[in-house]
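**Student:** predicted model follows, preceded by the sequence.
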Amino acid sequence: MMSKLVAWLRIAVATTLLSLNCVVHILPLLAVALLKIVLQKTPLKSLCDRVLMLITGSWIQVNNWMFDNLTSTKMTITGQPDAMMDGHFMVL
């Protein structure tokens with residue numbers, strides 16, 4: 001009985017942290033993306049690209065920390081591409 005309670009509590013905490021992480025990163029990501037659209041033909045566009053990459057990298061690092069420390073799931077990732085500032089990425 002106690003182990004089920006602990007499991008449900010752990011799920012609730014992980015879900016809350018994952019949701020909070022998404023909100024914390026998505027709001028600034030959307031704001032900078034909208035700014036990038038407005039500044040499309042200016043030198044500030046490249047600054048927006050760098051900021052978007054930093055926000056995305058932070059989001060991924062926090063998600064990785066949560067998976068490493070809050071779950072027993074182990075992932076093996078091979079063949080990671082090099083970061084391309086002028087390219088597009090899909091994060092799953």
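**Tutor:** Right, received. Where do you want to start?
**Student:** every contact and neighbour count from this point should use C-alpha atoms.
**Tutor:** Fine.
**Student:** chain center to the host helix or strand of Val32, what's the gap?
**Tutor:** Taking DSSP states H and E as the criterion, Val32 maps to helix 2-38. From the chain centre to the centre of helix 2-38 is a distance of 9 Å (C-alpha atoms, centre = their mean, to the nearest Å).
**Student:** and if you look at stretch 38-57?
**Tutor:** On C-alpha atoms, centre = their mean, the centre of stretch 38-57 falls 17 Å from that of its chain.
**Student:** just stretch 43-59 next, same as before
**Tutor:** The mean C-alpha position of stretch 43-59 is separated from the chain mean by 13 Å, C-alpha atoms, centre = their mean.
**Student:** from the geometric centre of this protein, which residue sits farthest away?
**Tutor:** What lies farthest from the middle of the chain is Met1; by C-alpha atoms, centre = their mean that is 34.7 Å.
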